[in-house]
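S.K.: Sharing a sequence plus its predicted fold:
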2 protein chains.
Amino acid sequence: MFKANDNFSKISENYLFSAVSRRVDDYCKANPGVDVIRLGIGDVTLPVSRAAVDELIKASSEQAARETFVGYGPEQGHPFLIEAILKNDYAARGIELSSDEIFISDGAKSDLGNIGDILSKDNTVAITDPVYPVYRDTNLMAGRRVITIPCLASNDFVPTVPRDVIPDVIYLCYPNNPTGTSLTYDQLKVWVDYAREHKSLILFDSAYEAYIQHSDVPHSIYEIDGAKECAIEFRSFSKTAGFTGLRCGYTVVPRELVSHDGYCLNDMWRRRQCTKFNGASYVVQRAAAALYTPEGKLQVKENIGYYMTNARMLIQGLADAGLTVYGGIDSPYVWVKAPAGMDSWSFFDLLLNRCRIVATPGVGFGECGESFVRFTAFNSRMNTEEAARRIKLLSKHTQSII
Amino acid sequence: MFKANDNFSKISENYLFSAVSRRVDDYCKANPGVDVIRLGIGDVTLPVSRAAVDELIKASSEQAARETFVGYGPEQGHPFLIEAILKNDYAARGIELSSDEIFISDGAKSDLGNIGDILSKDNTVAITDPVYPVYRDTNLMAGRRVITIPCLASNDFVPTVPRDVIPDVIYLCYPNNPTGTSLTYDQLKVWVDYAREHKSLILFDSAYEAYIQHSDVPHSIYEIDGAKECAIEFRSFSKTAGFTGLRCGYTVVPRELVSHDGYCLNDMWRRRQCTKFNGASYVVQRAAAALYTPEGKLQVKENIGYYMTNARMLIQGLADAGLTVYGGIDSPYVWVKAPAGMDSWSFFDLLLNRCRIVATPGVGFGECGESFVRFTAFNSRMNTEEAARRIKLLSKHTQSII
């Protein structure tokens, strides 16, 4: 008589974005023809850069001929992409890694979820609050104890290292989703030092690295001394280059990383991937490699610049409406405090009903996200301008609220 | 102090195919310029069908324009592909399934490995022996007890339902990898009835379904009455249509499937995929959908026919050499008994040294695979003809052995 994994009873049935999308659908049904601007879910709107698409088409065409057909590749990724990553994302910043420390995948979400396969169920896991729900849910599913580290406006959303319970595993995402804030070298160093002192493992989600504008914000955790002994880094081409539909990302597992019980995590992750994964799509890996050509780099930079201009517009509109705003500087996310006394879902409803704008309720990211909403800068310029205009009007219509 | 998942100590460090490839590399280094024919690893050699490549190129081109760009899709797959699967793979065989019972993924290997996420660690898992190593390794990694059901020449490689230990979860792969044998309706019905009687779960790997030639062999386990209450089915476009490099497959989780402790597995798998997966690549899903057009179907049929002719050639060559051969009828795999008294690796070495042919040692698939090797029909016609010719010669050179 087979039994299910009953840890699933610990997670809520609905994923945050499904709940949002249901509420928006209901609104649209009740108000047909109304022009709703979606600044909720973090999907991009700019197309994939020309350099990547050209390479995608070329590699696709080659699949029709026997001489150029490519079947199974190495589970950990094709060397041409691994070498481009090593050179551009790491060596260029003075970080030395070897090719067997990079693992290409179909995206950071898969890797952030699957990494738990190589870790003991007995580890206590710390997540910041608010947080990307995947960290919490995947660990609850696996039966791990999860503790939260509050990130509040009062501490500038910088998490404080825990002193009561020492976590074995710590998820950090910087630039942060959802708050849009970042950590400086010194602030991240505090965490690396803490992890080394306590032999904790940091799972560093660096999906928004390309949005960093300030020179005092590290692009990789390996820019901090000693991080190779205590951190795994996750990267994504989704928000960097519009690969949300194509699917490609990668994970760095340094060989220095050894568990308390003596396991080399690099060996384990390779074994996990060779057994449960067959490599990311070859044609998509070719497209990803094109992002590292001079043309590809320029196009990525232009796209990031476009979204960052959107972020500035949103920040301005929200500030003009008298709202308090965080993030959006080294990140495509803007984190907005609801008007006094209003909770996340009420503010979400106000924005939907009065401005016809979809945001994401901050409480969906954790208790400490209550009374905030998240805006994304990924919509078109036109829609973002219109959204900023509507938000400004909000202050006139609802002066008593704001 | 973080700890690793120490169940990894229960699995061997090297994956079967890596061990084979190392031995072949050593041989090639010692014998430079020698023309080795690889009939070991199950990768295809025919290119992707024209219909699929045309659609892949079209969808790729569309990613460069804002109006036609596609970002995140539903984690469980795009409706256009799900509908094509429902209509062609199921409704056409009289099987009724609904669109929320199909889950598109990046391949059957991922799903076969990840399905354990929704099952209790306390389940006892039965695998046939010999078997695709992924079933065994993923369950050992998760800490489950694994028992084996011998598949021997003496029972025509048809597994007998276990009576001493009643397994909670049973992996069946038909047409079978590695033996190349299949189960008839009546033989598969025995397993469905057994699973229903004991409330066991069958994980049915149907990756080689497209190779079935005989009308008494079921293409889907759901052709057997009651299977929706007890079976999950895994399918792949890899061997069917040359998608080994592109990556696409799907899994069917019927809504009727409820665990002994009352969980609906369909809900759980959806929750798992929504949390740890972001959908298969959109452009690849478009290519997969093209396989269901009249043109695509014809091209798939031609490719399968090509490989089945290869299989017949291999069977003939092996029989001419006086060897005993199984499989290769409804399957691209040919399972060959080593000459009397010879073990798998010795026969592997003999084939490599005398025929310059790479097979896969049967013992790599389990103890009951000892003294067998597996040949695949996936090489080119020219190489397969040459391999058959060399094998025939083997009998003259080594008459004392065979």
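M.R.: Now that the structure is in, tell me what you want to look at. As the structure is a computational prediction, the values presented were derived from the model and not from experiment. Residues are numbered from 1 along each chain as shown, chains lettered A, B, ... in the order given.

S.K.: Counting neighbours, what do you get for the closest residue to residue A:145 other than its chain neighbours?
M.R.: Excluding the flanking residues, the one nearest residue A:145 by Cβ to Cβ, 6 or more residues apart in numbering or on different chains is residue A:124, at 4.8 Å. Heads up, the C-betas are built off the backbone N, CA and C, glycines and all. As a burial measure, residue A:124 scores 18 neighbours (other Cβ atoms under 10 Å in any protein chain shown).

S.K.: Mind pulling up the pLDDT for residue A:124?
M.R.: Per-residue confidence (pLDDT) for residue A:124: 98.

S.K.: In the stretch 201-350 of chain A, which residue sits closest to chain B?
M.R.: In the stretch 201-350 of chain A, the residue that lies nearest chain B is residue A:276 (3.1 Å; Cβ to the nearest Cβ).

S.K.: Could you tell me which residues make contact with the closest residue to that residue other than its chain neighbours?
M.R.: Closest residue to residue A:276 apart from its sequence neighbours, by Cβ to Cβ, 6+ apart: residue B:113 at 3.1 Å. The neighbours of residue B:113, taking Cβ atoms under 8 Å, 6 or more residues apart in numbering or on different chains as the test, are A:275, A:276, A:277, B:134, B:138.

S.K.: Pretty sure the last one sits against residue A:275.
M.R.: The reference is to residue B:138. Yes - at 6.0 Å, residue B:138 counts as touching residue A:275 under the criterion of Cβ atoms under 8 Å.

S.K.: Looking at those two now, which is surrounded by more residues?
M.R.: Each of residue B:138 and residue A:275 has its neighbours counted (other Cβ under 10 Å); residue B:138 has more, 24 against 21.

S.K.: what about residue A:380, neighbour count?
M.R.: 14.

S.K.: what kind of secondary structure is residue A:146 in?
M.R.: Counting by DSSP: H, G, I helix; E, B strand; the rest coil, the backbone at residue A:146 sits in strand.

S.K.: For it, give me its contacts.
M.R.: By Cβ under 8 Å, 6+ apart, the contact set of residue A:146 is A:124, A:125, A:126, A:127, A:136, A:139, A:140.

S.K.: again, only this time at 6 Å
M.R.: A:125, A:136, A:139 (Cβ atoms under 6 Å, 6 or more residues apart in numbering or on different chains).

S.K.: and those residues, which of them are in helices?
M.R.: Counting by DSSP state H, the part of the contacts of residue A:146 found in helices is A:136, A:139.

S.K.: and the gap between the residue sitting nearest the centre point of chain A and residue A:99?
M.R.: Centroid-nearest residue in chain A, with Cα atoms, centre = their mean: residue A:207, separated by 4.5 Å. Plainly put, residue A:207 is 22 Å away from residue A:99 if you go by Cβ to Cβ, to the nearest Å.

S.K.: that's a helix at residue A:284, yeah?
M.R.: Yes - secondary structure of residue A:284, determined by three-state DSSP: located in a helix.

S.K.: Give me the below-cutoff pLDDT ranges for the stretch 251-400 of chain A.
M.R.: A:396-400 (pLDDT under 70).

S.K.: Let's see that with 90 instead.
M.R.: The stretch 251-400 of chain A contains residues with pLDDT under 90 at A:341, A:393-400.

S.K.: How far does the lengthiest helix in chain A sit from its chain's centre?
M.R.: In chain A, taking DSSP H as the definition, the longest helix is helix A:294-320. The chain centre lies 17 Å from the centre of helix A:294-320; the measure is Cα atoms, centre = their mean, to the nearest Å.

S.K.: Which positions within it qualify as buried?
M.R.: Buried positions in helix A:294-320, judged by neighbour count with 16 or more other Cβ atoms under 10 Å in any protein chain shown: A:296, A:299-300, A:303-304, A:306-308, A:310-311, A:313-315, A:317-318.

S.K.: now swap in stretch A:375-385 and tell me
M.R.: Here stretch A:375-385 shows A:375, A:376, A:377, A:378, A:379, A:383, A:384 as buried, counting by 16+ other Cβ under 10 Å.

S.K.: Equivalent analysis for stretch A:114-126, please.
M.R.: Within stretch A:114-126, the residues that qualify as buried are A:114, A:115, A:116, A:117, A:118, A:119, A:120, A:121, A:123, A:124, A:125, A:126, counting by 16+ other Cβ under 10 Å.

S.K.: Show me the strands in chain A, by range?
M.R.: In chain A, the strands defined using DSSP state E lie at A:37-38, A:102-105, A:124-129, A:145-150, A:169-173, A:201-205, A:231-236, A:249-252, A:325-327, A:333-337, A:357-358, A:360-361, A:372-376.

S.K.: hey, which of these is tucked in deepest?
M.R.: strand A:372-376 (a mean of 29; mean count of other Cβ atoms under 10 Å in any protein chain shown).

S.K.: That strand close to chain B?
M.R.: No - figure legend: strand A:372-376 not in contact with chain B (Cβ under 6 Å from any Cβ of the partner chain); closest approach 11.9 Å.

S.K.: and that strand, which strands flank it?
M.R.: Sheet pairing of strand A:372-376 (DSSP bridges) gives strand A:333-337 (antiparallel), strand A:360-361 (antiparallel).

S.K.: how much distance is there from that strand to the middle of the chain?
M.R.: 14 Å.

S.K.: Ok, stretch A:33-43 next?
M.R.: Stretch A:33-43 has its average C-alpha position 20 Å from the chain's average C-alpha position, going by Cα atoms, centre = their mean.

S.K.: Now do the helices in chain A.
M.R.: Under DSSP H, chain A gives helices at A:16-30, A:50-62, A:79-85, A:108-114, A:133-141, A:185-198, A:238-241, A:265-276, A:282-290, A:294-320, A:344-350, A:381-397.

S.K.: mean confidence score for the first one?
M.R.: Translated: helix A:16-30. For helix A:16-30, mean pLDDT rounds to 88.

S.K.: any idea of the angle it forms with helix A:133-141?
M.R.: Per axes from the mean of the first three to the mean of the last three Cα atoms, to 10 degrees, the angle that helix A:16-30 makes with helix A:133-141 is 120 degrees.

S.K.: just the angle between helix A:16-30 and helix B:265-276, please?
M.R.: Computed by the same axes, to 10 degrees, the angle separating helix A:16-30 from helix B:265-276 equals 100 degrees.

S.K.: Pull the distance from helix A:16-30 to the chain's centre.
M.R.: 23 Å.
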